[in-house]
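*Asks:* Here is my input, please return the structure:
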Amino acid sequence: MSVLEKLERLIGEIGDLNSKLILLVGPSCSGKTRLLWQLGAKLNIEPLNVGLELGCRLAATPNNKRGFSAGELLREIADKERTEDPLLLDNLELLFEPSLQINPLDLVKRLAHSKRVVAVWPGELRGDHLVYADMSHPEHRDYSRDGVVAFEI
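*Replies:* Okay, here's the model as predicted:
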């Protein structure tokens, strides 16, 4: 069974879970984005470039309202997609911008309550923790993987 077939099967299995979030996790350049695009091609869904879509909308939002607006804007973008289809998310790095003062994982998890979401995690999995950036980096985050299905590549 190919990696794509395994991912497709997993998408079918998560429909009954409270959080329908699958994170594609693996080292940089491991093929996470390529796999997301292959899945999109097979399902006839174009993955959403969160950095580009959300970045354009946030640029028109006053600085002091961006953190508050980020979740709302991301929900609007996601709601434009067909609800029965999984939402495919890539380029989440913008969500980690410290000035937004938001919890990127929580934001994506909330989207996954109403629909299946497959997202490329821009960090790595260390044990039971999803990590983004090194500890010395201002955007460093460390989350428990509770409520998330990690699909390792």
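
*Asks:* From here on, just use CA atoms for contacts and neighbour counts.
*Replies:* OK.

*Asks:* lowest confidence element among the helices and strands of the chain?
*Replies:* Sorting the helices and strands of the chain by mean pLDDT, DSSP states H and E puts helix 66-79 at the bottom, at a mean of 89.

*Asks:* Could you check how far that helix is from the centre of its chain?
*Replies:* Centroid separation for helix 66-79 versus its chain: 13 Å, with CA atoms, centre = their mean, to the nearest Å.

*Asks:* what does it contact?
*Replies:* 50, 53-54, 57-58, 61, 87, 99-102, 107, 111 (CA atoms under 8 Å, 6 or more residues apart in numbering).

*Asks:* Going by residue numbers, what spans are strands in the protein?
*Replies:* 21-25, 48-49, 87-90, 117-120, 124-126, 129-132, 141-144, 149-152 (DSSP state E).

*Asks:* mind putting these in CSV, mean neighbour count, distance to residue 77 and mean pLDDT included?
*Replies:* Output for the strands of the chain, formatted as CSV (neighbours: other CA atoms under 10 Å; distance: least, CA to CA, whole Å; pLDDT from 0 to 100):
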stretch, mean neighbour count, distance to residue 77, mean pLDDT
strand 21-25, 24, 17, 96
strand 48-49, 18, 9, 95
strand 87-90, 23, 10, 96
strand 117-120, 25, 13, 96
strand 124-126, 17, 26, 92
strand 129-132, 19, 24, 93
strand 141-144, 16, 24, 93
strand 149-152, 18, 23, 93
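
*Asks:* Including distance to residue 4, could these go into TSV?
*Replies:* Shown next, in TSV, are these (distance: least, CA to CA, whole Å):
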stretch	distance to residue 4
strand 21-25	11
strand 48-49	18
strand 87-90	14
strand 117-120	12
strand 124-126	20
strand 129-132	22
strand 141-144	26
strand 149-152	11
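
*Asks:* got the buried residues for the least confident helix or strand of the chain?
*Replies:* For helix 66-79, the neighbour count (16 or more other CA atoms under 10 Å) marks 66-67, 69-71, 73-74, 78 as buried.
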